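Novice: I need the structure of the sequence given here:
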Amino acid sequence: MNFNKHVPSIIMAEPPKDKTSRRKNATTESPKVNSQKDTTPQESPTETTSRTNMTLNQKTRDRAHSMATEDMPVCVICHDDFHEPKLLPCLHTFCKKCLQQLAQSGDNKEILCPECLDPQPITTDIEKLPDNTLIQHLNSIILASGKSSKKGGKSKKEKDINCSSCDKDIAAVCRCEDCKEFLCQPCVDSHKSMKALRGHSTITMKEWRKRRDAMAVKPQIAKFCSKHKGEEIGNYCVKCRKTACKDCADLEHSGPTHNCIPLEEAVQQSRQQIENALQNTRQAEAKFRGAWEIMDKRNSKLKETVDNLKKQIQDVMIREREEIAKREETFLEDLKTVDQEKRKEMNAFYDKLEANLEDFWAAQDLADSVLDLGEDYHVISLEKVLCERLDLLSSWRPSLPSEDLAEIDFVEEDDELESDHVESIVEEEVEEAEIWEMDGVIGGRGAGEGQFDWCRGVTVSLDGHCVVADWGNHRVQVFNKDRSFKCVLNTSKTMHGRLSMPHDAACLPDGRFIAIDKSKFVRVYDPDGKFLFRFETVCEDNIAKGEAVELSCVAVDRRSRVFVGDVKRNVVTVHYSDGLHIKTIPTVAPSHIAITSQDFVVVSCTQKQKVRVMNFEGKFAFQIDVYGDGEKLRPRGVGCDKDDNIYVVHKERGGEKSVHMYDDKGTYVACVATNLNEPYDVELSPDGRVVVSDDDTVKIFRKVCTT
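Specialist: Prediction:
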């Protein structure tokens, strides 16, 4: 029988066994702590005590009735009624004898709770454990109602209650309501004969049982002292945590080290302490429920991430298969063309050889005929002509094509790139190393002009203006070539021009600025920061179908074409400067982007931890995934200089944070900057300086020399 099923939560504080149900309840049930503001008027202590007692009596009646109609709680060790129930620190209850047997069976001086294996050890001195008086009281109520402790058991006959006024083992016939004593018949007679007790009210045992079962009165503390017979208990020692009669209070609990208070006051204080502790527990429980909701959100996010990655993998595989099929078709067409060209050339040699053989066969046939059929005259007359022709034919040599005509060299472009990559590595061995140093810092933490709250995207215009996405301050700041503040792109004059948590910015060759934020729009501003217009990277029909958009990066090439990365759709969209869509390039999670002078698209994918380089058609060229001596790259921002060298921000959680330089083939060149705080993006100025957004500042580096 499951003990926890029937015992109220104030007795057994163990969560349900069904974890699924618990998980469901944890998210659907709202905590009751501070759920409603208390607007009731203040009550006097007497009224509060009376109301509390009535509430507790009602709770006791309800729980007694519930447990009287169901199975009585039993000890989970012996599976029988509780005998001298002891309460453990974890609030699980067991029989005293069962715990003693459990303690004797072990070699240690401490035991663990048999129910929950609570990590807090329990002393083997079972006598020191507190009694579960509530369980004892509920047991008495259930037994008094005639219920069995076993399922399907028959009702038991209630035992007689002996007289508590005398030492004789005689059944009581009534109860004195004033003395609170059970009386046998002789004691009743004596009770009535004493002048001082004649006014006391007595009721029969039948009437007392009827009242008890109807009211299910809460258990009372022992009325009289066990040491001083006849002395009523009316005090409580706070120091010793014991009840006491007047004599005990005077003899054993007096002096400055003790503090005796009326019993009713002690009960009220204990009740208040329990209520305060319960209130604190409910507040703590609310935090755990909140933590459960957070875990549910993270679990949902994990599921969404897995589903998205699964879809990405499937989409990539579909594209790869389509690309392979297209490449196969292209290769076969190329092979067919080469075959036709080579066969045409071979056929020309065949035709020439055939014509030569015809000449040989004609001359030989004529010479054979003269020798076989001709007269002497014929031989003499044709001898000169035949010999000249035969001598000429004998001097001919056959012309054969090159052996390469029968061979086909089939090399993929990737192999050619790999060959170039190897050559660049060989050349790198003799190249000189780059050395960079700090050239200046812009900004600091704050919300004023020239201050930042986490710099994100950074770019530099052709005329030297530095543009920084100030994420935390919801704006984009522009600085002059001398690094002084110029203007802010975000404007409050028009709603369409406002930015919210901007991610990145870019500069058009004509001096206009471009910015993206957490919205679906790309915004364009004039050279003075005034908002001009905005455009979307996806058509309204796709948005209406529920297609998610999350713009992550933006860049501009030498032809003023705008490249916008979208990590939700896994694409880079290309637009004219007026927003007109040109094409879409598929790529996985583009978080940062840069464009070379040769129109190669450099995409940093923090999710895949690599930098992919592709041409304008989206065809893969090479990738960068290591730095230094083969260390794993954790890429963030990317940038390109006028020589198409590639610069990559490396940000390793809890590790190195730096910027590294690669050549236009992806070969590692040098480390530009180290010991950064929280680098995010990198850009190259027209004069070759490296501009890095790092936490709340923008740091500028310049190349000083080579070694």
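Novice: and stretch 459-470, what's buried?
Specialist: 459, 460, 461, 465, 466, 467, 468, 469, 470 (16 or more other C-beta atoms under 10 Å). No exception for glycine: its C-beta is placed from N, CA and C like everyone else's.
Novice: correct me, but the first one touches residue 502?
Specialist: To tie it back to what came earlier, the one meant is residue 459. No - applying C-beta atoms under 8 Å, one finds residue 459 not in contact with residue 502, separated by 11.9 Å.
Novice: angles on the backbone of residue 606, please.
Specialist: Dihedral pair for residue 606: phi -70, psi -30, per degrees, to the nearest 10.
Novice: I figured it hits residue 591, correct?
Specialist: Yes - under the criterion of C-beta under 8 Å, residue 606 makes contact with residue 591 at 4.8 Å.
Novice: between the two, which contacts overlap?
Specialist: Counting by C-beta atoms under 8 Å, 6 or more residues apart in numbering, the shared contacts of residue 606 and residue 591 are residue 636.
Novice: among the buried residues of stretch 459-470, which one lies nearest to residue 237?
Specialist: When the buried residues of stretch 459-470 are ranked by distance to residue 237 (C-beta to C-beta), residue 470 comes first, at 67.3 Å.
Novice: measure the closest residue to the closest one other than its chain neighbours to residue 320 for me?
Specialist: Of all residues not flanking residue 470 in the chain, residue 452 sits nearest, at 5.0 Å (C-beta to C-beta, 6 or more residues apart in numbering). Distance, residue 452 to residue 320, by C-beta to C-beta, to the nearest Å: 42 Å.
Novice: what do you get for residue 574?
Specialist: In terms of C-beta to C-beta, residue 574 sits 22 Å off from residue 320.
Novice: all helices of this protein, in order?
Specialist: 3-6, 19-28, 45-69, 96-105, 133-144, 185-193, 205-215, 246-251, 263-373, 376-395, 413-428, 540-544 (DSSP state H).
Novice: CSV for these, including mean pLDDT and distance to residue 517?
Specialist: CSV is the format used below for the helices of the chain (pLDDT from 0 to 100; distance: least, C-beta to C-beta, whole Å):
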stretch, mean pLDDT, distance to residue 517
helix 3-6, 38, 54
helix 19-28, 41, 33
helix 45-69, 46, 56
helix 96-105, 81, 65
helix 133-144, 67, 61
helix 185-193, 85, 91
helix 205-215, 74, 69
helix 246-251, 81, 75
helix 263-373, 90, 22
helix 376-395, 89, 86
helix 413-428, 45, 37
helix 540-544, 58, 17
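Novice: list just the nearest of the buried residues of stretch 459-470 to residue 278.
Specialist: residue 470 (48.8 Å).
Novice: need the per-residue pLDDT for that closest one.
Specialist: The per-residue pLDDT reported for residue 470 equals 93.
Novice: again with residue 545
Specialist: Per-residue pLDDT puts residue 545 at 59.
Novice: for the one 10 residues further on, same thing?
Specialist: According to the predicted model, the pLDDT of residue 555 comes to 97.
Novice: contact partners for it?
Specialist: Contacts of residue 555 (C-beta under 8 Å, 6+ apart): 459, 506, 562, 563, 593, 594, 595.
Novice: again, only this time at 6 Å
Specialist: Taking C-beta atoms under 6 Å, 6 or more residues apart in numbering, we find residue 555 in contact with 506, 563, 593, 594, 595.
Novice: what of residue 692?
Specialist: Taking C-beta under 6 Å, 6+ apart, we find residue 692 in contact with 659, 679, 682, 699.
Novice: so the last one touches residue 441, yeah?
Specialist: The reference is to residue 699. Yes - assessed by C-beta atoms under 6 Å, residue 699 is found in contact with residue 441 at 5.5 Å.
Novice: between residue 606 and residue 591, who's got more neighbours?
Specialist: residue 591 (21 against 18; other C-beta atoms under 10 Å).
Novice: how far away is that one from residue 572?
Specialist: 11 Å.
Novice: number of nearby residues for the residue nearest to residue 198 when sequence neighbours are not counted?
Specialist: Leaving aside its chain neighbours, residue 198 sits nearest to residue 192 (6.4 Å; criterion: C-beta to C-beta, 6+ apart). Each residue near residue 192 was counted by other C-beta under 10 Å, and the total is 12.
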